[in-house]
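> Sequence first, then the predicted structure, then my questions.
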Amino acid sequence: MKAITERQAVLFDLDGTLTDPAEGITRSVQEALRQMGRPVPERDKLLSFIGPPLLDSFQEYCGMEREEAEKAIRLYRGYFSRQGIWENRVYPGIPELLRFLTEQGRQVILATSKPAVFASQILERFKLAPYVSLTAGSELDGTRSRKDEVIAWAMERAGLSPEEAVMVGDREYDVRGAAACGLPCIGVLYGYGSRAELERAGAALVVPTVEALTALWKEWR
């Protein structure tokens, strides 16, 4: 564990790791389905949309073909960009963790499958932007939507080698994306993935709370 906590850069997932976006994401999905004349599940049935790329989710969970899923994404973003983006909350303790890491001289990087334009707005709105040196996300046209693509882009832009960084995320996509880029990943259980999911994907460590995550670096110091 010492090798992980000594690493210079910490890449964080956004949804389910820094913030809880459940209300905004599920309401955006409901609105897209409603406008398409499809059945609209209750919000707690749509939590699986948190984490994967939207194109994959609409195809897998709603049985849509690609063209239909792309239309659903456009409708989703109509609601999300107006309102859903702010139906979100920062997990308690996250600002303090990011501040601590930056005060230690660590490089804090955001690596999310969410479009970077939305991710940047969220960081600004919730006052997390001062702690983040680089925001890596997808593009609105779907470019760089896979997690490994996002991480690879962030690493290249930051000039980092795999030995210098660690990923933190709540879903298997974070773990596998990191592994594809040669990084270990710390899985967190306060988001939307289970211990079984994270361990099966190969997480180097799984922690239950923000406090436990923070303690990894505080204990190292």
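Perfect, thanks for sending it.
> which other residues reach stretch 135-152?
11, 53, 55, 77, 109-120, 123, 153-154, 157, 167, 173-174, 176-178, 180-181, 183 (CB atoms under 8 Å, 6 or more residues apart in numbering). Where you see a C-beta, it was placed from the backbone N, CA and C, and this is true even at glycine.
> Let's see that with 7 Å instead.
11, 53, 55, 109-117, 119-120, 123, 153-154, 157, 167, 173-174, 177-178, 180-181, 183 (CB atoms under 7 Å, 6 or more residues apart in numbering).
> Also stretch 175-185?
4, 146-148, 150-152, 155, 162, 165-167, 169, 174, 187, 198, 201-204.
> Restricted to strands, list the contacts of stretch 135-152.
Counted as lying in strands by DSSP state E, out of those, are 11, 109-115, 167.
> Considering these, which possesses the most neighbours?
residue 111 (32 neighbours; other CB atoms under 10 Å).
> Can you name the residues that contact the residue nearest to that residue when sequence neighbours are not counted?
Nearest residue to residue 111, sequence neighbours excluded (CB to CB, 6 or more residues apart in numbering): residue 11, at 4.4 Å. Residue 11 is in contact with 109, 111, 151, 154, 165, 167-168, counting by CB under 7 Å, 6+ apart.
> which one of the residues you listed sits closest to residue 29?
Closest approach between those and residue 29, by CB to CB: residue 111, at 22.8 Å.
> so that closest one sits right up against residue 154, yeah?
Yes. Look at residue 111 against residue 154 with CB atoms under 7 Å: they come within range, at 5.0 Å.
> related to what we said a few turns ago, next, give me the two most distant ones among the contacts of residue 11.
Within the contacts of residue 11, two members stand farthest from each other by CB to CB: 154 and 168, at 12.9 Å.
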